[in-house]
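Following is a predicted model, sequence given first.
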Amino acid sequence: MKAEEFLKGRGAQYNPANPYLKHEYVAAHIEGLDEAMLSNSKTEFFAEHPKKIVNKIDSPDLGLSYSMNPYQGCEHGCVYCYARNTHQYWGYGAGLDFERKIIVKENAPEVLAKQLENKNWQVMPIMLAGNTDCYQPIEARKQLTRRMLEVLLEYRHPVSIITKNALILRDLDLLQKLNSLDLVHVNISITTLDEKLRQKLEPRTATGARRLQVVQQLAAVGIPVNVMVAPIIPGLNDSEIPAIIKSAAEAGASSAAYTIVRLNGSIGPIFEDWIREAFPDRADKVLSQIADCHGGQLNDSRFGTRMRGEGKFAETISKLFRMSLKKYMANRSMKPYNYNHFCTRAGIQMNLF
């Protein structure tokens with residue numbers, strides 16, 4: 001059931017049917033009493049206690065071996081988010097449910113420590129988080145991400161953090177300690193510097209200007225920061241690539257990378273519905289150019305091409321990005337991790353004697 005008017009403060013404008021459920025419940029005749037169902041901004045939280053928190057990454061596109069997510073679902077509401085589809089595995093929808101039904105993995109720090117104690121554990125950077133933002137608003141209260149960073153510091157384990165929330169600055173003390181051992185990389189996602197676009201595209205995130213301030217504050221104390229210009233959406237934010245990289249460089253970023261949007265599964269209809277509501281005059285052009293980057297389809301699961309795309313528009317984006325990087329970030333790079341500090345609790349106790 002779709003809303004007739006644009007829902008402010010939400011990315012998705014409706015909740016598509018979950019393909020894993022046998023039954024779908026819809027409102028066939030909308031009346032005044034049904035308005036709350038469409039515009040309800042209340043976010044619900046559900047406790048979960050998983051037995052495992054660190055997952056192996058099999059994708060050759062990401063360059064990391066592990067990821068962990070203290071939260072499932074995300075309050076930020078980015079309409080393009082690839083993680084929306086995973087919410088369906090939990091019995092929820094990929095649309096509005098993804099933004100307002102958040103699963104909190106209450107025991108994540110304890111489970112992390114248990115996994116790091118495994119005698120077969122191989123030390124490689126863990127992505128925090130690979131699915132949903134670990135600094136989304138609920139983190140201010142739950143502090144699961146902070147407690148996980150404390151575990152990583154205790155074990156001297158490398159971590160790669162990605163976020164678009166300024167809440168990361170709360171944990172500057174831990175980040176500096178991790179950085180003193182070359183154990184942390186921070187990735188700040190900056191999709192647009194156009195505030196009107198951000199409000200519709202990523203309604204509950206920090207502004208682009210605020211994210212640049214985060215880059216500056218992290219870089220000022222020596223923490224290596226990579227800026228993710230992602231996702232690039234042809235016809236919406238691709239023209240901003242030079243400005244974002246220039247601003248990121250001025251803020252002290254060590255590097256930058258990008259991905260091109262891909263709309264797999266339920267994200268396709270969610271995004272198409274959104275852009276026809278938010279930018280009706282540009283909708284057909286944007287959708288056509290996205291498809292041009294992915295072999296004529298909005299979705300793309302092919303390793304090697306799914307992140308950067310292919311074809312005329314993808315190559316134009318690639319050239320613009322490379323030129324901007326060469327102009328504003330020449331001779332910059334992220335410093336390497338140090339894997340030699342890792343030590344389990346048993347090892348720490350042994351060193352005391």
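Done, it's in. Note that this is a predicted model, so its numbers are computed, not measured. Numbers count the residues shown, from 1 in each chain.

list the contacts for the nearest residue to Tyr135 once chain neighbours are set aside?
Among residues not flanking Tyr135 along the chain, Asn165 sits closest, at 3.9 Å (CB to CB, 6 or more residues apart in numbering). Placement of C-beta: from N, CA and C, glycine included. Residues in contact with Asn165 (CB atoms under 8 Å, 6 or more residues apart in numbering) are His76, Asp133, Tyr135, Gln136, Pro137, Glu139, Thr205, Ala206.

and those residues, which of them are in helices?
Glu139 (DSSP state H).

which of the contacts of Asn165 lies closest to Gln115?
Nearest to Gln115 out of the contacts of Asn165 is Glu139 (CB to CB; 20.6 Å).

Please enumerate the strands of the stretch 201-350 of the chain.
225-232, 255-260 (DSSP state E, counting those that start in this stretch).

which of these sits most buried?
Across the strands of the stretch 201-350 of the chain, averaging neighbours per residue (mean count of other CB atoms under 10 Å) puts strand 225-232 on top, at a mean of 23.

what pLDDT, on average, does it get?
Strand 225-232 shows a mean pLDDT of 97.

on contacts alone, who are the packing partners of that strand?
Here strand 225-232 touches strand 184-189, helix 208-220, helix 241-251, strand 255-260, going by 3 or more CB pairs under 8 Å, 6 or more residues apart in numbering; DSSP states H and E.

what helix or strand does the residue lying closest to Ala113 once chain neighbours are set aside sit in?
Spatially, and ignoring its direct neighbours in sequence, Ala113 is nearest to Val151 (5.0 Å; CB to CB, 6+ apart). Taking DSSP states H and E as the definition, Val151 sits inside helix 144-155.

helices or strands up against that helix?
Applying 3+ CB pairs under 8 Å, 6+ apart, we find helix 144-155 packed against helix 108-116, strand 126-128, helix 172-179.

which residues are in contact with it?
68, 70-71, 104-106, 108-109, 112-113, 116, 126, 128-129, 134-135, 139, 158-159, 170-171, 174-175, 177-178, 183, 342-345.

how many neighbours does Ala278 have?
Per other CB atoms under 10 Å, the neighbour tally for Ala278 reads 18.

ditto for Val151
19.

And Gln13, how far from Asp58?
Gln13 sits 33 Å away from Asp58, going by CB to CB, to the nearest Å.

Which one of these two is surrounded by more residues?
Gln13 (21 against 8).

Quick check: buried residues in stretch 168-176?
By 16 or more other CB atoms under 10 Å, the buried positions in stretch 168-176 come out as Ile168, Arg170, Asp171, Leu174, Leu175.
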